[in-house]
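A structural model of the following input is requested.
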Amino acid sequence: MKNQFIKKATLLSILFIGLVSCSSESLTDTDTTATDDTVVTELHAAFAQFNTEATDIYLSSGGTKVTIETTGLPNHESVYWGSSSSLYKDEPDVSTTPSLMTSNNNATTITVDATPNLTGSSVSTELNTIGIAVSGASIFNDQEGNGALSSAAGSLDWTGAHIGPGVYHYHLEPKAFSNDDDNLVGILLDGVFLYGRKCNTTGTYPEDLDTSGGHITTTQYTGGVEEYHYHIINELYSTTGSYIAFAGPYKGY
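Next up, the predicted model:
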């Protein structure tokens, strides 16, 4: 009888250990899924800085994504508004492209991760919209067509933007709302925010940026919590006398 009791007790112990092991594996799988697909219930505080007349920003996909719909029409002056607009700025040195803001379809919609995935692979930027600026207009990379931006430098307005082809967009530091400061510039396709050349934490140009131009510090919109974000890199682009908005690669894909 004693041997039978020992055998039964041993069997029960094995079954209990097995159940605990299975439960632990299930919790781990659940935790991993939650981490990869984090649900948020409210927009990041930085989104309050976006031009509300141009943008409609809302949580989507059950709170795991943020969708940004924009008219693409910025709330600042430019020669590209055309002389009939109250936002027209006379820029005689700019070799304007044929399109005008008022006759061009600048509308763009992007959807980004509400919580950027910073554990994936770095991805190079491509042509066309790589992000949306706080003004409501698009952000492009450091290329013009399939060549260097220098070929189109003469068509860039005072705030580093032009139309050609498609939407009005910034290639350079947008001086209309970020000029050698720590101001929010916009958000990129990977869900990471882009700021000006200076760091809000130190008030100086950051020296710890990674290959994407980003680092982890607090910003004016994180309530004291450190967060990964990009900065416009403080290196002049040779033919423009200004600074590339974002060359990449993305960190958050």
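
got the domain boundaries for this structure?
1-36, 45-243 (automatic domain parsing).

Val40 - how many residues pack around it?
Neighbour count of Val40, defined by other Cβ atoms under 10 Å: 15. (C-beta placed from N, C-alpha, C; glycine too.)

so can I have JSON lines of the domains of the chain showing mean pLDDT?
Converted to JSON lines, those look like this (pLDDT from 0 to 100):
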{"stretch": "domain 1-36", "mean pLDDT": "36"}
{"stretch": "domain 45-243", "mean pLDDT": "93"}
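
out of everything not next to it in sequence, what's closest to the most centrally placed residue in the chain?
In the chain, the centroid-proximal residue (Cα atoms, centre = their mean) is Leu188; its distance is 2.2 Å. Leaving aside its chain neighbours, Leu188 sits nearest to Gly131 (3.7 Å; criterion: Cβ to Cβ, 6 or more residues apart in numbering).

What of Asp190?
Closest to Asp190 by Cβ to Cβ, 6+ apart is Gly252, at 3.1 Å.

So Asn141 belongs to a strand, correct?
No: under DSSP: H, G, I helix; E, B strand; the rest coil, Asn141 sits outside any strand and is assigned coil.

Which residue is the nearest non-sequential neighbour of it?
Nearest one to Asn141, counting by Cβ to Cβ, 6+ apart, is Thr125 at 4.1 Å.

so what's that neighbour up against?
By Cβ atoms under 8 Å, 6 or more residues apart in numbering, the contact set of Thr125 is 141, 246-250.

Same check on Thr159?
76, 78, 170, 172, 174-176.

run the last query once more with 6 Å
When contacts are counted by Cβ atoms under 6 Å, 6 or more residues apart in numbering, Thr159 touches 174-176.

For those residues, pick the one with the most neighbours.
When neighbours are counted by other Cβ under 10 Å, Pro174 leads those with 27 neighbours.

and the end-to-end length of stretch 157-166?
16 Å (Cα to Cα, to the nearest Å).

Quick check: buried residues in stretch 236-250?
Buried residues in stretch 236-250, counted by 16 or more other Cβ atoms under 10 Å: 237, 240, 242-248, 250.

Tell me the secondary structure of the residue nearest to Gly196 when sequence neighbours are not counted, please.
Computed as Cβ to Cβ, 6+ apart, the closest residue to Gly196 that is not its neighbour in sequence is Ser178, at 4.1 Å. Under the three-state scheme (three-state DSSP), Ser178 adopts coil.

For Val40, see how far away Ser178 is.
Applying Cβ to Cβ, to the nearest Å, the value for Ser178 to Val40 is 26 Å.

in terms of contact, does Asp208 touch His215 like I think?
Yes: Asp208 sits in contact with His215 when judged by Cβ atoms under 6 Å, with a separation of 5.0 Å.

Could you count how many residues lie near Asn128?
Asn128 has 13 neighbours, counted by other Cβ under 10 Å.

Apologies, that question was intended for Asp190.
24.

Give me the secondary structure label for Asp56.
strand.

Skip the chain neighbours and tell me the closest residue to it.
Glu69 (4.5 Å).

same check, this time on Val167
Val167's closest residue in space is Asn106 (Cβ to Cβ, 6+ apart), at 4.4 Å.

secondary structure class for that neighbour?
Going by three-state DSSP: Asn106 is coil.

does it really touch Thr70, like I thought?
No: in this structure, Asn106 is not within contact of Thr70 by Cβ under 6 Å, at 8.0 Å.

ok, back up a step: would you list the phi and psi of the residue nearest to Leu188?
phi 180, psi 170 (degrees, to the nearest 10).

List the contacts of the residue nearest to Val167.
By Cβ under 6 Å, 6+ apart, the contact set of Asn106 is 72-73, 167-168.
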